[in-house]
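Chemist: got a predicted model here, sequence first, then my questions.
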Amino acid sequence: MRFGMTASVRALAIGAMLAGCSVGGNAANEPRAAAATPEATATSGWSKFRDGFIEGWFKIDPANAVYQGRHDFDGQLPDWSAPGLQRQSAYLHQAIDRARAFGDADLKPDERFERDYLIRVAEGKLFWLDDADQPHTNPAYYVGGGLDPNVYIARPYADSTTRLKALIAFLQRVPAAAGNIRANLKTPMPRSFVDYGVAGFNGFADYYVGDARKAFADVADPALQQQLTDASTKASAAMRALGGWLASQRATATGDFALGADRFQRMVRATEGVDTPLDRLEAAGRADLKRNQDALAAACKLFAPGATIPACIDRMNANKSADGPVAEARRQIPTLRAFVVAKDLVTIPGTEQAKVEESPPYNRQNSAYIDPAGPYEKNVPSVYYISPPDPAWDRKTQDAFVPGRKDLLFTSVHEVMPGHFLQFLHANRSRSMFGRLFVGYAFAEGWAHYAEEMMWEAGLDDGDPETHIGQISNALLRDCRYLSAIGLHARGMTQEQSLRMFREQCYQDEGNSRQQAARGTYDPAYLNYTMGKLMIRRLRADWTASRGGRKAWKAFHDQFLSYGGPAIPLVRQRMMGEAEAKAVF
């Protein structure tokens, strides 16, 4: 996605893409709360343990289960009470201990890979839950963690009446969830967190009584309609009260959003298996920024001779579609698909298509994102959402926010073909159900960002410099995310300094730069776009070196995507036959 995260990545990668949290009652010297436990021991078989972990996790996070297509969990929400959060932590700790009890000698190679994959997923979730303490410090944990009912509204997985009943059950649980959120969140909190939470909670308040009701206006059952009105009114009021309470915290809001260098280092280790020291991580990001800045300067000499870099970018972005980005993206996708097929870049499994729609008002903090069908769904479309600019902005900022055709082209590459949409076509067909369900942040966003540059390298638009500038503009955006994440959370960078970096070094417009600087405070893992891309590019170079180079790209892509979505060092270990899982840039 260009500025956002897919819902699946919010659900899976940060809480494991924005769910996600310092130790409350689970410090090392304190007893853990009783919890449902993964249903196996080391002596009763890996597959039983793995499947038991999945079912146990769905009970803890039923909203994620629904998102994956398990509609036997319809209408449920996670238990965000203090005991519920403790049970979640205990479950993950116990899962890690029991998974580690399966020794290498007890398992086949595929099972060893799944064991390591499961441990990495659980450790990643524990980072956000315990170490970062997101349930108590970050509204993003909840905004991206289950309060969105779009699955019942936009996915035609059942008839309208069935989905309406599920929505009513969901809405009836929202007031209690809001009470837990209010009890959990500690103040004062950073201003950017407050602003994000206010927009998210108030957006849900509007959505519950607005589009959610309208979506089921054709259900001719007066009793259900009355239940919908009652439940949505109460749920909306609960969200509005939560948003109002957060807004009242602006007077005491702080700028203390940073994880700190040590915790940031733990984040990349726990969530992505990356042990690389921060100095080396930062150096890799600065090298990629320089590489892309040099490429931009060269492309601008061809596209806009004599113009400054900002003027060159402005010229590229001035070429906008007269009928808007949604219509333009609908035209781009078939062309991109045909290019992938003609160049034989990667297998396109199945016949599924991605729809393109304007994003709903409550989720416009991302300029573009995709909602892919879950692995348990059948005949449910994926939807690529594109956001209009914030109407509160001035006209110049709004106009600049709307992407030019070539900028949008690489957003469509990223979100659909061969980015997220294609990636999830592969993930949903992975041999391992674990791989289908747990798609990590760096894997998903790294692949989609990697796909942008790969498509340019493969000859998209035959070397057209305007197209190249569109690709580089997207790459620079991700470079500044990478460096902002490290800077904001480990180097003392301020939000204003981040904004200036997006404007002056990565040549982003004012509105996008404002969004990105704010996002970096509450989404410290958004370095994963560039970090994932760099690891994939290095893995491709190393894997194809003995397999024919460029001729082996398709084989590389197919094998890489076949794993589902593990931490990339695990994929490297498997594909390269290395003794340890390590990050290589």
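Modeler: Okay, I see it.
Chemist: residue ranges of each domain in the protein, please.
Modeler: Annotated domains of the chain cover 21-131, 268-576 [automatic domain parsing].
Chemist: okay if I get the ones you listed as JSON lines plus mean pLDDT, distance to residue 236 and mean neighbour count?
Modeler: The C-beta positions use only the backbone N, C-alpha and C, and glycine is treated the same way. JSON lines is the format used below for those (pLDDT from 0 to 100; distance: least, C-beta to C-beta, whole Å; neighbours: other C-beta atoms under 10 Å):
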{"stretch": "domain 21-131", "mean pLDDT": "84", "distance to residue 236": "16", "mean neighbour count": "18"}
{"stretch": "domain 268-576", "mean pLDDT": "95", "distance to residue 236": "11", "mean neighbour count": "20"}
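Chemist: out of the ones you listed, the one nearest residue 156 is which?
Modeler: Relative to residue 156, the nearest member of the domains of the chain by C-beta to C-beta is domain 268-576, separated by 6.6 Å.
Chemist: distance from the closest one to the middle of the chain?
Modeler: Counting by C-alpha atoms, centre = their mean, to the nearest Å, domain 268-576 is centred 11 Å from the centre of its parent chain.
Chemist: what about residue 226, neighbour count?
Modeler: Residue 226 has 10 neighbours, counted by other C-beta atoms under 10 Å.
Chemist: that one: what secondary structure?
Modeler: Here residue 226 is helix, with the state taken from DSSP: H, G, I helix; E, B strand; the rest coil.
Chemist: distance of it from residue 158?
Modeler: Residue 226 sits 21 Å away from residue 158, going by C-beta to C-beta, to the nearest Å.
Chemist: then residue 415?
Modeler: For residue 415 relative to residue 158 (C-beta to C-beta), the value is 26 Å.
Chemist: also residue 67?
Modeler: 15 Å.
Chemist: repeat for residue 81
Modeler: For residue 81, the distance to residue 158 - C-beta to C-beta - is 30 Å.
Chemist: ok, residue 327 next?
Modeler: 30 Å.
Chemist: run through the helices of the stretch 251-400 of the chain in chain order.
Modeler: Ranges of helices in the stretch 251-400 of the chain, per DSSP state H, counting those that start in this stretch, are 261-272, 278-303, 309-318, 324-343, 395-401.
Chemist: nearest to residue 165, out of the ones you listed?
Modeler: From the helices of the stretch 251-400 of the chain, taking C-beta to C-beta, the stretch that ends up closest is helix 324-343, at 31.2 Å.
Chemist: so what does that closest one touch, helix or strand wise?
Modeler: strand 354-358, strand 382-386, helix 405-415, helix 441-457 (3 or more C-beta pairs under 8 Å, 6 or more residues apart in numbering; DSSP states H and E).
Chemist: between strand 354-358 and it, find me the angle.
Modeler: 160 degrees (axes from the mean of the first three to the mean of the last three C-alpha atoms, to 10 degrees).
Chemist: got a list of contacts for helix 324-343?
Modeler: The contact list for helix 324-343 (C-beta atoms under 8 Å, 6 or more residues apart in numbering) reads 321, 346, 348, 354, 356-358, 384, 386, 402-403, 405, 408-409, 411-413, 416-418, 422, 455, 458-460.
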